[in-house]
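*Asks:* Here is my input; please provide its structure:
(one chain, ligands or ions: 1)
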Amino acid sequence: MSQPRSLVTGCAGFVGSHLCRRLLDEGHLVTGIDGLTDSYDPAVKRANLAGFAADPGFTFVAGHLADLDLPPLLEGIDYVFHLAARAGVRGGWGAVFDDYQRDNVTSTQRLLEALRLKPGARQFILASTSSIYGRDPPLPTPETAPANPQSYYAITKLACEKLAAAYLHHFDVPITTLRFYTLYGPRQRPDMAFHIFLRSLLRDEEITVFGDGAQTREVTYIEDAVDAILLSLGADRIGQTFNVGGGTYRELNGYLEELEIVAGRRFRRRTAPVVEGDQLHSRADVTQARDVLGYAPGWSLRDGLQAEFDWLRAVYDDPG
Ligand SMILES: NC(=O)c1ccc[n+]([C@@H]2O[C@H](COP(=O)([O-])OP(=O)(O)OC[C@H]3O[C@@H](n4cnc5c(N)ncnc54)[C@H](O)[C@@H]3O)[C@@H](O)[C@H]2O)c1
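*Replies:* Next up is the predicted model:
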């Protein structure tokens with residue numbers, strides 16, 4: 001194939017900005033779509049674009065997937081990477097459902113519909129989440145575990161998976177689904193735990209630990225996740241779903257210790273009850289990704305946290 005042409009939705013976000021940089025480095029022509037939504041400060045998202053916005057291979061389309069005329073944007077596109085979403089399980093309940101519905105479900109349906117009307121893309125990579133497994137999955141969790149989502153985020157992401165599966169079944173839209181386990185690294189979203197904790201260390205602000213800190217999480221360094229995305233390209237991956245975990249699995253208390261080592265500072269902590277909708281434990285069974293994709297996450301927790309901390313020091317102007 002000559003230069004592959006890729007469409008990345010959510011290009012100004014945490015994952016999208018890393019993926020765009022890597023695709024450009026690997027010779028793709030990239031069209032990035034982002035609505036710069038209010039999920040967090042749009043100025044942060046604009047800053048995320050800085051690393052590649054001026055690259056001659058990159059074209060930015062500012063707009064929301066629920067509003068844009070999508071079929072023309074698919075003209076000549078080989079790969080669609082659908083990352084745009086309202087992410088995060090702590091979005092709350094009530095009226096915010098409309099935002100999750102529009103950003104996640106309606107937007108995914110419109111993109112799939114555009115692919116139905118304008119077929120031609122070789123593959124559609126759908127970013128999904130381990131959150132769809134819910135509160136008490138078997139550990140480690142295989143892709144075949146039942147979905148039991150417990151937040152608007154996870155419920156709408158599961159709806160996106162189901163929509164994609166239906167468009168594959170009825171219209172041959174070439175879907176591959178990746179379920180990511182908590183990603184971290186530079187440009188991590190400001191609502192995510194490591195970002196909040198490191199920012200608190202930099203500003204000497206008190207942190208809130210929900211529960212006793214014994215909840216466990218599998219986390220994945222962003223570059224390992226981008227590796228998995230690129231490894232998932234291939235006609236034989238269509239119709240498959242892969243867990244993407246980083247192979248790092250600790251209690252929250254263990255992560256807090258590691259964050260203190262990396263930052264060279266101590267936390268001031270208070271505790272609060274576990275938040276409704278939170279997953280207590282997550283751990284990926286990545287057998288499928290390893291055996292089919294050849295996925296082998298290589299980043300250590302220490303190095304990954306150090307990279308995120310170095311980035312955050314620059315963001316929050318900490319001289320050290
Ligand atoms: N970060 C993680 O730990 C994690 C874990 C599991 C799954 N994921 C998935 O990865 C993807 C990217 O997550 P992220 O952490 O980079 O989030 P992010 O919020 O940083 O990035 C999403 C970007 O998409 C844009 N956007 C959202 N909805 C849009 C829409 N409908 N139309 C146009 N633009 C829209 C936002 O403005 C934002 O820039 C999401 O699909 C998320 O569900 C992320």
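*Asks:* Please identify the helix or strand for residue 30.
*Replies:* strand 29-34 (DSSP states H and E).
*Asks:* immediately after that strand, which helix or strand?
*Replies:* Per DSSP H and E, the helix or strand that comes after strand 29-34 is helix 42-49.
*Asks:* Against which helices or strands is that next one packed?
*Replies:* With contacts defined as 3 or more CB pairs under 8 Å, 6 or more residues apart in numbering; DSSP states H and E, helix 42-49 has these neighbours: helix 14-25, strand 29-34. Bear in mind the C-beta positions are built from the backbone N, C-alpha and C, glycine included.
*Asks:* and residue 177, that's in a helix?
*Replies:* No - counting by DSSP: H, G, I helix; E, B strand; the rest coil, residue 177 is not part of a helix but strand.
*Asks:* Show me what it is bridged to.
*Replies:* residue 126, residue 241 (DSSP bridges).
*Asks:* Could you list the residues of the stretch 151-300 of the chain in contact with the ligand?
*Replies:* Counting by CB under 6 Å from any ligand atom, the stretch 151-300 of the chain comes close to the ligand at 157, 180, 182-183, 189.
*Asks:* can we see that at 5 Å?
*Replies:* 180, 182-183, 189 (CB under 5 Å from any ligand atom).
*Asks:* cool, and the stretch 1-150 of the chain?
*Replies:* Checking the stretch 1-150 of the chain against the ligand by CB under 5 Å from any ligand atom, the hits are 10, 12-15, 34-35, 37, 45, 64-65, 83-85, 87, 103, 107, 127, 129.
*Asks:* can you rerun that using 6 Å?
*Replies:* So the stretch 1-150 of the chain meets the ligand at 9-10, 12-16, 33-37, 39, 45, 64-66, 83-87, 103, 107, 127, 129 (CB under 6 Å from any ligand atom).
*Asks:* quick revisit: could you write me a ChimeraX select line covering just the buried ones among the residues of the stretch 151-300 of the chain next to the ligand?
*Replies:* Of these, the buried ones go into a single ChimeraX selection, burial set by 16 or more other CB atoms under 10 Å:
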select :180,182,183,189
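*Asks:* Residue 71: which of the residues of the stretch 151-300 of the chain next to the ligand is nearest?
*Replies:* Ranked by distance to residue 71 (CB to CB), these are led by residue 180 at 28.1 Å.
*Asks:* ok, now which ones touch the closest residue in space to the closest one that isn't next to it in sequence?
*Replies:* The shortest distance from residue 180 to any non-neighbouring residue, by CB to CB, 6 or more residues apart in numbering, is to residue 244 (4.9 Å). Going by CB atoms under 8 Å, 6 or more residues apart in numbering, residue 244 touches 178-181, 220, 224-225, 228, 284, 286, 289, 295.
*Asks:* same thing with residue 245?
*Replies:* Neighbours of residue 245 in contact, by CB under 8 Å, 6+ apart: 130, 140, 181, 218, 220, 283-284, 286, 297.
*Asks:* Please apply the same query to residue 181.
*Replies:* 130, 217-220, 243-246, 282, 284 are the contacts of residue 181 under CB under 8 Å, 6+ apart.
*Asks:* export stretch 303-310 as PDB, just CAs?
*Replies:* C-alpha atoms of stretch 303-310 as PDB (Å, rounded to 0.1, in the frame of the first residue of the first chain):
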ATOM      1  CA  ASP A 303       9.600   4.300  34.100                       C
ATOM      2  CA  GLY A 304       6.000   5.000  33.100                       C
ATOM      3  CA  LEU A 305       5.200   7.000  36.200                       C
ATOM      4  CA  GLN A 306       8.500   8.900  35.800                       C
ATOM      5  CA  ALA A 307       7.500   9.900  32.300                       C
ATOM      6  CA  GLU A 308       4.100  11.100  33.500                       C
ATOM      7  CA  PHE A 309       5.700  13.000  36.400                       C
ATOM      8  CA  ASP A 310       8.200  14.700  34.200                       C
END
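*Asks:* Go through it and flag the buried ones.
*Replies:* 304-305, 307-309.
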